[in-house]
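>>> Coordinates for the following, if possible.
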Amino acid sequence: MFTFINPNANIICIILLIIVIAPIAKSPPNLESWLFKLTKTKLSVLCIIKGAIPNAKTGFIVFISIFKYFFLTILILGLLISVVGIGYVVAVIKTTPSLDVNAIYNLNQPSMLYDDQGNFIDDLPSTEIRYIISYDEMPQNLINAYISIEDERFMTHGGIDIKRILGAAARDVMVILGKQNGIHGASTITQQLIKNTILSSEAASESNPLDRINRKIKEIVLAVKLDKQVSKEEIIRTYLNTIPLSGHIYGVEAASRYFFAKNAKDLTLLECAYIAGITQAPTTYSAYNTSSSNYPNGYINRTKTVLSKMLEL
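Numbers count the residues shown, from 1 in each chain. Just a heads-up that it's a prediction; the model follows:
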């Protein structure tokens, strides 16, 4: 029985024995020859133990030293990057504007013309066509359609969805590696509301990825604050009155009149699913966009996706 001075020697011997013996075991010779080679192997392994061949020992020590320095370098770089990253996030948070709840209610609506009898004549031209409606005027199917396709944990999260953020990050890594197509978003309905109102000017002026990161950080901070101050019903109501849904059309009421010539409260289940579906890409999924390369399958398949998500919800 051998006694090793180096405590790691047993592990080293086992590794080297496997490396040397494995080829022999694949096509073993006669017993005497095999034992002879095994004995030579064990003696060779012992050469790296303290007191054996100096060159082998020195080479092993150098290898361990290089490995330690490499590991420490990676660790230090990781810590430095983390510190810089945290510092950057803190700096952006300090520049985040204070939450003005009234700002999410400050929405443009078109001016309307009436005759002397009070009868509606027409809307005056405007860059945004929007008709603000109450929560009670929004059909439950429409609300469920939006929650299912845009933010399935809307009623339970605190403004941001950590699980969705991690999932989107993992999928985006797959996109970068070429395993999937398309970058996946992770914004909740609350975050989208912040983007469409308080941070709308900042979102419109983004010119590079860093600007988008800065806005996302502020968006997260404000979304968490808003979720604490405003009810879920008020958030979803305001959100459904703000979202762009095709050209100058904003909000579900204007979209309902534009696509189906009816008020939102009268929408059918299928119509609710269609409007919720086009939110991701209003121009691409618009039923009026007959020039789309995927027309009409694009908006039809998208509507089916929303209905499937509603069924899961």
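
>>> all helices for the protein, in order.
Counting by DSSP state H, the chain has helices at residues 9-26, 31-46, 54-94, 140-150, 162-176, 189-196, 200-204, 209-229, 232-242, 252-260, 269-278, 282-285, 297-312.

>>> Reformat those as TSV; add mean pLDDT.
Shown next, in TSV, are the helices of the chain (pLDDT from 0 to 100):
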stretch	mean pLDDT
helix 9-26	48
helix 31-46	47
helix 54-94	81
helix 140-150	97
helix 162-176	74
helix 189-196	95
helix 200-204	90
helix 209-229	93
helix 232-242	96
helix 252-260	96
helix 269-278	97
helix 282-285	93
helix 297-312	95
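
>>> mind checking how far the spatially most central residue of the chain is from Gln191?
Centroid check for the chain by CA atoms, centre = their mean gives Ala168 as the closest residue, at 2.8 Å. Remark: distance between Ala168 and Gln191 (CB to CB, to the nearest Å) = 12 Å. Every residue, glycine included, has its C-beta placed from N, CA and C.

>>> Number of residues surrounding Ile129?
Ile129 has 22 neighbours, counted by other CB atoms under 10 Å.

>>> can I assume it is in contact with Ile249?
Yes: contact criterion CB atoms under 8 Å: Ile129 and Ile249 qualify, at 5.5 Å.

>>> got any residues that touch both of these two?
Common neighbours of Ile129 and Ile249, counting by CB atoms under 8 Å, 6 or more residues apart in numbering, are Tyr258.

>>> picking that back up, what's the closest of the helices of the chain to Ile104?
helix 232-242 (5.3 Å; CB to CB).

>>> which residues touch the closest one?
For helix 232-242, the surrounding residues in contact (CB under 8 Å, 6+ apart) are 104-105, 107, 130, 132-135, 138, 142-143, 146-147, 154-155, 189-190, 192-193, 196-197, 226-227, 250-253.

>>> could you redo the last one with a cut-off of 6 Å?
For helix 232-242, contacts defined as CB atoms under 6 Å, 6 or more residues apart in numbering pick out 104, 132, 135, 155, 189-190, 193, 196, 251-252.

>>> Please convert the residues you listed to CSV, extending it with distance to Ile220 and neighbour count.
Below are those laid out as CSV (distance: CB to CB, whole Å; neighbours: other CB atoms under 10 Å):
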residue, distance to Ile220, neighbour count
Ile104, 16, 22
Ile132, 27, 18
Tyr135, 25, 14
Met155, 19, 10
Ile189, 14, 23
Thr190, 10, 29
Leu193, 13, 27
Asn196, 15, 19
Gly251, 24, 24
Val252, 25, 32
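
>>> a markdown table for those residues, including distance to Ser293?
A markdown table is the format used below for the contacts of helix 232-242 (distance: CB to CB, whole Å):
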| residue | distance to Ser293 |
| --- | --- |
| Ile104 | 36 |
| Ile132 | 35 |
| Tyr135 | 38 |
| Met155 | 37 |
| Ile189 | 30 |
| Thr190 | 34 |
| Leu193 | 32 |
| Asn196 | 28 |
| Gly251 | 28 |
| Val252 | 27 |
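
>>> what two of the residues you listed are the furthest from one another?
Counting by CB to CB, the most remote pair of those is Ile132 and Met155, 22.8 Å apart.

>>> Would you mind listing the residues in contact with Tyr258?
For Tyr258, the contact set (CB under 6 Å, 6+ apart) comprises Ile249.

>>> Looking at the contacts of helix 232-242, spot the one nearest Glu206.
Nearest member of these to Glu206, counting by CB to CB, is Asn196, at 14.1 Å.

>>> tally of neighbours for the residue lying closest to the closest one once chain neighbours are set aside?
Using CB to CB, 6 or more residues apart in numbering and skipping the chain neighbours, the partner closest in space to Asn196 is Thr242 (4.5 Å). By the criterion of other CB under 10 Å, Thr242 has 22 neighbours.

>>> and if you look at Arg212?
By the measure other CB under 10 Å, the count of residues near Arg212 is 14.

>>> Can you tell me how far the nearest residue to Leu193 once chain neighbours are set aside is from Ala103?
Distance criterion CB to CB, 6+ apart; nearest residue to Leu193, sequence neighbours excluded, is Tyr239 at 4.5 Å. Here the criterion is CB to CB. By it, Tyr239 lies 14 Å from Ala103.
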